[in-house]
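Novice: Attaching a predicted model along with its sequence, questions to come.
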Amino acid sequence: MEEIFNNLLSHKNVKINKIISPPNFVSEKFIQDEDEWVILLQGSAILEMNQTTTKLVKDSYIFIPAKTPHKIISTDSNIETIWLAIHIY
């Protein structure tokens with residue numbers, strides 16, 4: 001299964017997405033042109049960034065600077081993981 005992206009707002013230099021990751025999701029590596037701040041609304045995930053892994057749970061958040069390679073190592077095995085992602089251009 002793939003992730004579902006819902007664009008909630010695009011305005012000037014900000015885009016807000018709700019992202020739904022299926023259980024046990026593993027992503028390809030992302031390298032984005034914009035800064036990104038994400039908060040987990042449901043579930044859990046392990047994110048790899050700068051050769052460091054970070055476990056995220058509900059209400060935890062992380063800032064991902066532009067051009068920083070990162071990937072999802074895994075998401076919750078029991079429920080969908082729901083993210084709110086704010087992209088800053």
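Specialist: Sure, I can see it. Residues are numbered from 1 along each chain as shown.
Novice: so where's this protein shaky on pLDDT?
Specialist: Nowhere does the chain drop to pLDDT under 70.
Novice: if you go through it in chain order, where are the strands?
Specialist: Here the chain has its strands, by DSSP state E, at 4-11, 14-21, 35-42, 44-49, 52-57, 61-64, 70-75, 81-88.
Novice: out of those strands, nearest to S27?
Specialist: strand 70-75 (4.1 Å; Cβ to Cβ). For the C-beta atoms, the positions are set from N, CA and C on the backbone; glycine is no exception.
Novice: from the middle of its chain, how far away would the closest one be?
Specialist: 8 Å (Cα atoms, centre = their mean, to the nearest Å).
Novice: what angle sits between it and strand 52-57?
Specialist: For strand 70-75 against strand 52-57, the angle by axes from the mean of the first three to the mean of the last three Cα atoms, to 10 degrees is 50 degrees.
Novice: what angle separates strand 70-75 from strand 14-21?
Specialist: Using the same axes, to 10 degrees: strand 70-75 against strand 14-21 is 30 degrees.
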